[in-house]
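**Q** build me a model:
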Amino acid sequence: MRVALAAVVVLASLLIQAPDAVRFVDVAAEAGIKDLFYCGAERTKNYIVETLGAGVAFIDYDNDGRLDLFVVTASRLEGFPRGQEPTNHLYRNEGGGKFKDVSREAGVARSGWGQGVCAGDFDNDGYIDLFVTYWGHDVLYRNTGKGGFEDVTEAAGLSDKDVRWGTGCAFVDYNRDGKLDLFVANYVQFDRKNTPAPGMPNACTWKGMPVMCGPRGLKGGINRLWRNDSVPGRIKFTDVSGSSGITAPGERYSLSVTTLDYDHDGWPDLYVAVDSQASILYHNNRDGSFTDTGVEAGVAYSEDGREQAGMGTSAADYDGDGLLDLAKTNFTDDAPNIYRNNGDGSFTEAAAATGLGSVTRFLGWGAVFIDYDNDTWPDLFLVNGHVYPNAKDAAFDQRRLLFRNLAGRRFQDVSLQSGDGVSAEHSGRGLAAGDYDNDGDVDLAIMNMNQPPSLLRNEGGNRNRFLNLRLVGTKSNRSAIGARVVVTVGGRTLVNEVRSGSSFMSHSDLRMHFGLGQSQTVDRVEIEWPSGAKETVPGVKANIFITVTEGKGISR
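**A** Model prediction:
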């Protein structure tokens, strides 16, 4: 009887909303986001640094309740005339679907070969801070709380004379002392002088075609972990990469990083997508150190034991069993990974079982689990684009992919029924998710190579109900990064964590969005704070934005 009833509930949830009921519309131009963002030449890629693109972040930097947009740019190898160099941009959300460029007055209009971005309140002052990675020298921005940011890289001890290629990053309180630490992935030790371009002696080929070299054949980067040792009045980060075990995997072509407590022991772990090598799962040993358990956990290789060109990553409980699973995008001729969490410290590759095994003609980058139709099941959105503009059997510009979650059993490709914002072809890279217009459904920001970004407004996702939850730590870090939330609603248990970074070199809204189907009330919200404290909020109404402060309960 219970099985039959459960089947009826699942069927009803699938019938609530037809798969073509939601449309994503690119509103970037009308929103005022029109700037070009560069990464190498437009239609030739002679060196690997021209291929990665850059990241994007949804942040509320001025605490007005509206998501602003921070966008990273790289450059071109030949450079730009003095005074015309492209810069990163901060667009302030003015409401009404409009954004205003405040980059210069906010102090973030920096040029250089930018790559990734992550955010978190590292000094616990109530304002979100930024970290931006570069091929060159990474930058830490402290939010002054007065409408702008200040570069505190040197003051924090994060300056580095060596040129590094930083990619994905994440703020994470790995030692649970209430202060956000910083993990930075590094890709390749690139030296243009010693790397042949296509057509040069010892040049590289792909499918018989001359192409840029790398990452294979080049030296990999070394990942880094910075412990936050700041005290009132003094910002200080200490490099603990070696002592913590972060450098133990050696030189790797690391790209995106996603934090998750995959074994639910209360301590945050790190999953790093690695290009052309085994990916890394840093297990937190709860003593200030990490161990790479990627191989034994089953998330280092493909199902048949191959090294893959891992790009973007995302975590969510896609099958509703209360355990956080992983998704990873890969190179063309390979399927994306769906790693199902077995609950014993291991994962099972489920791409084929969930209907993604045949998705091999796209080259994937950004990846996010989002409940785009608010039916309580996390769906999967992927951004694609080739690295070789002259590839004969694959387009450089590729459409995005949206897979609807069918009650945790399979993913249904609804890309071509979900609006021009999904079907439009670009060479996309970074991807961030957040409800920028506060209408109750999740929107998306996408970085396109040598084009303006895309801002995809979700139209129709709020036909079902939602809960938007902002957490504020007191004993925990102020951003509550690492907090685990369990929402019980309509016979379902929804689980997720607050995280910085993720996707592909990008950062999504720190507020947590839960689709509720047609339920009018949430039975309860259970929060496991990074400090170890637990808190329950009963009887929350649907369709609201709420804030829960650690130890103080709910506020609107």
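
**Q** identify the residue nearest residue 431 in space, chain neighbours excluded?
**A** Excluding the flanking residues, the one nearest residue 431 by Cβ to Cβ, 6 or more residues apart in numbering is residue 366, at 2.6 Å. Placement of C-beta: from N, CA and C, glycine included.

**Q** shouldn't that neighbour be in contact with residue 504?
**A** Yes. Contact criterion Cβ atoms under 8 Å: residue 366 and residue 504 qualify, at 4.1 Å.

**Q** what do these two both touch?
**A** Counting by Cβ atoms under 8 Å, 6 or more residues apart in numbering, the contacts common to residue 366 and residue 504 are 312, 329, 383, 429, 430, 431.

**Q** let's have those in CSV, adding distance to residue 166.
**A** Formatted as CSV, the shared contacts of residue 366 and residue 504 follow (distance: Cβ to Cβ, whole Å):
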residue, distance to residue 166
312, 16
329, 20
383, 20
429, 15
430, 14
431, 18
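
**Q** quick one: which two of the residues you listed are the most distant?
**A** Farthest-apart pair in these is 329 and 430; separation 12.2 Å (Cβ to Cβ).

**Q** overlap in contacts, those two.
**A** Contacts common to residue 329 and residue 430, judged by Cβ under 8 Å, 6+ apart, are 365, 366, 504.

**Q** immediately after the helix or strand that contains the second one, which helix or strand?
**A** Using DSSP states H and E, the element containing residue 366 is strand 364-370. Proceeding N to C from strand 364-370, the next assigned helix or strand is strand 379-384, under DSSP H and E.

**Q** can you tell me the strand partners of that following strand and which way each runs?
**A** Partners of strand 379-384 in the sheet, by DSSP bridges, are strand 364-370 (antiparallel), strand 401-406 (antiparallel).

**Q** just those strands: most buried one?
**A** Mean neighbour counts were taken over the strands paired with strand 379-384 using mean count of other Cβ atoms under 10 Å, and the top value, a mean of 29, falls to strand 364-370.

**Q** and stretch 258-275, how far apart are its ends?
**A** Start-to-end span of stretch 258-275 (Cα to Cα, to the nearest Å) is 15 Å.

**Q** show residues contacting the strand holding residue 366.
**A** Strand 364-370 is contacted from outside by 53, 311-316, 318, 327-331, 336, 378-385, 401, 428-433, 442, 444, 446-447, 502-504, 506, 508, 513, using Cβ under 8 Å, 6+ apart.

**Q** for residue 59, grab phi and psi.
**A** When read as degrees, to the nearest 10, the backbone of residue 59 gives phi -140, psi 150.

**Q** what sits against it?
**A** Residue 59 neighbours (Cβ under 8 Å, 6+ apart): 67, 68, 69, 70, 119, 128, 130, 507, 509, 510.

**Q** which of those residues fall in strands?
**A** The members of these that map onto strands under DSSP state E are 68, 69, 70, 119, 130.

**Q** for the residues you listed, which one is nearest residue 488?
**A** Closest to residue 488 out of the ones in strands among the contacts of residue 59 is residue 119 (29.2 Å), distances taken as Cβ to Cβ.

**Q** now the strands paired with strand 379-384 in a markdown table, with mean pLDDT?
**A** Output for the strands paired with strand 379-384, formatted as a markdown table (pLDDT from 0 to 100):
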| stretch | mean pLDDT |
| --- | --- |
| strand 364-370 | 98 |
| strand 401-406 | 98 |
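
**Q** out of those, which comes closest to residue 394?
**A** Distance to residue 394, taken as Cβ to Cβ, is lowest for strand 364-370 among the strands paired with strand 379-384, at 12.4 Å.

**Q** convert that closest one to PDB, retaining C-alpha atoms only.
**A** In PDB, the C-alpha atoms belonging to strand 364-370 read as follows (Å, rounded to 0.1, in the frame of the first residue of the first chain):
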ATOM      1  CA  GLY A 364      30.900  20.800 -21.200                       C
ATOM      2  CA  TRP A 365      32.000  23.600 -18.800                       C
ATOM      3  CA  GLY A 366      29.700  25.200 -16.200                       C
ATOM      4  CA  ALA A 367      27.300  22.800 -14.400                       C
ATOM      5  CA  VAL A 368      24.700  23.500 -11.800                       C
ATOM      6  CA  PHE A 369      22.000  21.400 -10.100                       C
ATOM      7  CA  ILE A 370      18.900  23.700  -9.900                       C
END
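
**Q** now do stretch 339-354: distance to the chain's middle.
**A** Centre-to-centre, stretch 339-354 and its host chain are 20 Å apart (Cα atoms, centre = their mean, to the nearest Å).

**Q** buried residues, that stretch. List them.
**A** 339, 340, 341, 346, 347, 349, 350, 351, 354 (16 or more other Cβ atoms under 10 Å).

**Q** bridged to the third one, which residues?
**A** When you say that, I think you mean residue 341. residue 347.

**Q** now it: how far from residue 256?
**A** Going from residue 341 to residue 256 by Cβ to Cβ, to the nearest Å gives 19 Å.

**Q** cool, the fourth one as well?
**A** Computed as Cβ to Cβ, the residue 346 to residue 256 distance reads 22 Å.

**Q** just the fifth one next, same as before
**A** Summarising the geometry, the distance separating residue 347 from residue 256, computed by Cβ to Cβ, is 17 Å.

**Q** so which bits of stretch 254-266 are buried?
**A** The neighbour-count criterion (16+ other Cβ under 10 Å) identifies 254, 255, 256, 257, 258, 259, 260, 261, 262, 263, 266 as the buried residues of stretch 254-266.

**Q** sorry, that was for stretch 406-423
**A** Residues of stretch 406-423 classed as buried: 406-408, 411-415, 417-419, 421-422 (neighbour count, 16+ other Cβ under 10 Å).

**Q** can I get these in a markdown table with secondary structure and distance to residue 157?
**A** As requested, the buried residues of stretch 406-423 are exported to a markdown table (DSSP: H, G, I helix; E, B strand; the rest coil; distance: Cβ to Cβ, whole Å):
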| residue | secondary structure | distance to residue 157 |
| --- | --- | --- |
| 406 | strand | 49 |
| 407 | coil | 49 |
| 408 | coil | 45 |
| 411 | strand | 44 |
| 412 | strand | 49 |
| 413 | strand | 47 |
| 414 | coil | 48 |
| 415 | helix | 45 |
| 417 | helix | 51 |
| 418 | coil | 46 |
| 419 | coil | 47 |
| 421 | helix | 42 |
| 422 | helix | 43 |
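
**Q** which one is residue 295 nearest to, not counting chain neighbours?
**A** Nearest to residue 295 is residue 278, by Cβ to Cβ, 6+ apart, at 6.6 Å.

**Q** which residues touch residue 391?
**A** Contacts for residue 391 (Cβ under 8 Å, 6+ apart) come out as 206, 207, 209.

**Q** then residue 512?
**A** Going by Cβ under 8 Å, 6+ apart, residue 512 touches 468, 469, 470, 471, 485, 496, 498.

**Q** verify the stated contact: residue 395 with residue 384.
**A** No. The pair residue 395 / residue 384 is not scored as a contact, 9.4 Å apart, by Cβ under 8 Å.
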